[in-house]
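>>> next input, structure requested:
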Amino acid sequence: MLEGGHVSSLVQPTALLIVFGGTLGAVLLQSPFHVFKRGLAMARWVWVPPVIEQKRVIDQIMQWSQLSRREGLLALENFIPAIKDDFTRKGLQLLVDGADPERIRDLLEVDIDTFEEEWRQSAKIWESAGGYSPTIGILGAVMGLIHVMENLSDPTKLGPGIAVAFVATIYGVGLANLIYLPIAGKLKYYISRMVAAREMMVDGLVGIAVGDNPRIIESRLKGYLR
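Residues are numbered from 1 along each chain as shown. Here you go, the predicted model:
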């Protein structure tokens, strides 16, 4: 617009169909449908981030730690029915059952690894789209140029063909670098925060299991907030 151009010149439904449709097809072919569906649902995190209450985790661990020092680990059993998060409930149940601290860590870290892998696989659909989109854009450009070459004898058809060729490249590169890859990066950031919250829970439960002072546990957990 600053150079006197028109935004309408970038509106090419044919180019959009080639780039968006081709990218969608490639990602669908690459990913199981449940992974693809969850990845699409995760896109809302760009505008509505998931609730990650790391400070609440610290407060919860501190409450359990102080209670267990006064009344013993069995006193924590009353908290289990009210916990909605399966991961937290499993960890607290292991603690109440008197499991070895290293055993608690090993079992919960398996859950964390599985959780992280599942969510990262879903986030990767956006990363994959960012990889496919520029290549599909080049494909659209070549298709547009082929159309141009087929109609060299008719000058009235050259303009639309050239427009599709160049705009398809813009769509491919633009969608990848302005939408798909930034979304993937933000989703991975939130996943790392969610994993960190679970690691905090594991550290806290293990600290309670080995009998650490609540202040030591709190100091260690606050390191995650930095």
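>>> which residue packs closest to the residue nearest to the spatial centre of the chain, ignoring adjacent ones?
The centre of the chain sits closest to L187, judged by C-alpha atoms, centre = their mean, with a distance of 3.1 Å. Once flanking residues are discounted, L187 sits nearest to A123: 4.0 Å by C-beta to C-beta, 6 or more residues apart in numbering. All C-beta spots, glycine's among them, are computed from the backbone N, C-alpha and C.
>>> neighbours around that neighbour, how many?
Neighbour count for A123, taken as other C-beta atoms under 10 Å: 24.
>>> and S153, which of the three is it?
Of the three states, S153 takes coil according to DSSP: H, G, I helix; E, B strand; the rest coil.
>>> hmm, P101 is touching A209, no?
Yes - look at P101 against A209 with C-beta atoms under 8 Å: they come within range, at 4.1 Å.
>>> neighbour count for those two, which is higher?
A209 (21 against 17).
>>> which parts of this structure are helices?
13-30, 33-42, 54-71, 86-96, 101-150, 158-175, 181-210, 214-222 (DSSP state H).
>>> kindly export the shortest one (C-alpha atoms) in CSV.
What that stands for is helix 214-222. What follows is helix 214-222 as a C-alpha-only set of coordinates in CSV (Å, rounded to 0.1, in the frame of the first residue of the first chain):
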residue,chain,number,x,y,z
PRO,A,214,9.2,-27.7,54.4
ARG,A,215,11.4,-24.6,54.0
ILE,A,216,14.0,-26.6,52.0
ILE,A,217,11.2,-28.0,49.8
GLU,A,218,9.8,-24.6,49.2
SER,A,219,13.2,-23.1,48.3
ARG,A,220,13.8,-25.9,45.8
LEU,A,221,10.4,-25.5,44.2
LYS,A,222,10.6,-21.8,43.9
